[in-house]
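> Got a predicted model here, sequence first, then my questions.
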Amino acid sequence: MTLDRQRIVAEALALLDAEGLDGVTLRKLATRLDVRQPSLYWHLPNKAALVTAIAEAILGQEFGELKPPAPGERWQDWLTVLAERLRRALLAHPDGARVLSASQLSVKMADISEQAMSALVAQGIPLHRARVIVLTVERFTVGHVLEEQAPRPAPDELKGFDMEAFTEQHPTVIAGITEYFRPGRTVDDLFTECLAVVIAGAAAATN
C-alpha cells in the first residue's frame, strides 16, 4: 500500500486511540505502518508536525463544514453550539485536548476562530471584543476537556488519603459536588452550565 500523508495520519490517530499521546512516537508509527522511520520524514519532518497533523484530523472529524449563524440567530447561541462541538471533537479521542494544545499553527483551529470572530463582528461586536470572547470560549473549552481527560489517581495512590478529614475541612465543596451530581445530572450538564456563565459574562460586557 502506498505510503502517503493521509495513511500516516490515520494510523497515528489509531495509535493515539490505543495508547494516548505519550504512546504516539515516530518509531511506533513506523512499526505499525511496516516502514522504516526515515520514510515518514518525507511527509512529516518531526514529532511536532505529526501532533499538528493529528490535531487537524481530530478537528476535521467534527468540523467538516463551518456555517455562520442563521439569519436571526443570536451569536451567543451559535457560539455555544460551536464550543459544544469543539468539546465533542476533543473528547472523541484520548488526550484530544492535549493534542490540540501541543499542536503548532493548526489551520483548522484558525478556520474555527476566523468563523467565530467574523460571526460576532457581523452582529455588531467590535473586533477587539470579538477576539477576546472567542479566545476565552475556546480556551475555556480546551481547558475543561484537559481536566476531563486527565488521568485519575490509581487506588494505590489514594492510600493514606483521609476522606473524612478532607470532607470536614471542605464541607461546602463536598456539599456542592453532592448537590450538583444528583441523579440525572452529568458532566455534560456541568460543561453546559459553566459555558453559559462564560458566554453570559461576555454578552454583558458588550452592552
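Perfect, thanks for sending it.
> host element of Pro183?
Under DSSP states H and E, no helix or strand contains Pro183.
> That one: how many residues sit nearby?
Per other Cβ atoms under 10 Å, the neighbour tally for Pro183 reads 4. (C-beta placed from N, C-alpha, C; glycine too.)
> how about low-confidence regions in the protein?
Within the chain, the stretches with pLDDT under 70 are 1.
> in terms of contact count, name the helices or strands touching the helix or strand Asp189 falls within.
Using DSSP H and E, Asp189 sits in helix 187-205. Counting by 3 or more Cβ pairs under 8 Å, 6 or more residues apart in numbering; DSSP states H and E, the packing neighbours recorded for helix 187-205 are helix 75-91, helix 127-149.
> Between helix 187-205 and the shortest one, find me the angle.
Using axes from the mean of the first three to the mean of the last three Cα atoms, to 10 degrees, the direction of helix 75-91 lies 140 degrees away from that of helix 187-205.
> now for the next helix or strand after helix 75-91, which elements pack on it?
Downstream of helix 75-91, the first helix or strand assigned by DSSP H and E is helix 96-102. Counting contacts by 3+ Cβ pairs under 8 Å, 6+ apart, helix 96-102 packs against helix 47-62, helix 75-91, helix 127-149.
> Can you list the helices and strands that the last one packs against?
Using 3+ Cβ pairs under 8 Å, 6+ apart as the contact test, the elements touching helix 127-149 are helix 75-91, helix 96-102, helix 107-122, helix 187-205.
> what sits up against the second one?
Going back to what we said before, that points to helix 96-102. Taking Cβ atoms under 8 Å, 6 or more residues apart in numbering as the criterion, the residues outside helix 96-102 that touch it are 16, 21, 48, 51, 54-55, 58-59, 89-90, 93, 106, 109, 142-143, 145-146, 148-149.
> Would you quantify the distance from Leu50 to Leu91?
Look at Leu50 and Leu91: by Cβ to Cβ, to the nearest Å, they are 21 Å apart.
> These two: which is more packed in?
Ranked by neighbour count (other Cβ under 10 Å), Leu50 and Leu91 place Leu50 first, with 22 against 17.
> what residues are up against Val142?
Residues counted as contacts of Val142 (Cβ under 8 Å, 6+ apart) are 86, 90, 97, 100-101.
> Please identify the deepest-packed of the helices and strands packed on helix 187-205.
Mean neighbours per residue, mean count of other Cβ atoms under 10 Å, is largest over the helices and strands packed on helix 187-205 for helix 75-91, with a mean of 19.
> what distance separates stretch 191-207 from the middle of the whole chain?
Centroid separation for stretch 191-207 versus its chain: 19 Å, with Cα atoms, centre = their mean, to the nearest Å.
> now stretch 114-125
In terms of Cα atoms, centre = their mean, the centre of stretch 114-125 is found 21 Å from the chain centre.
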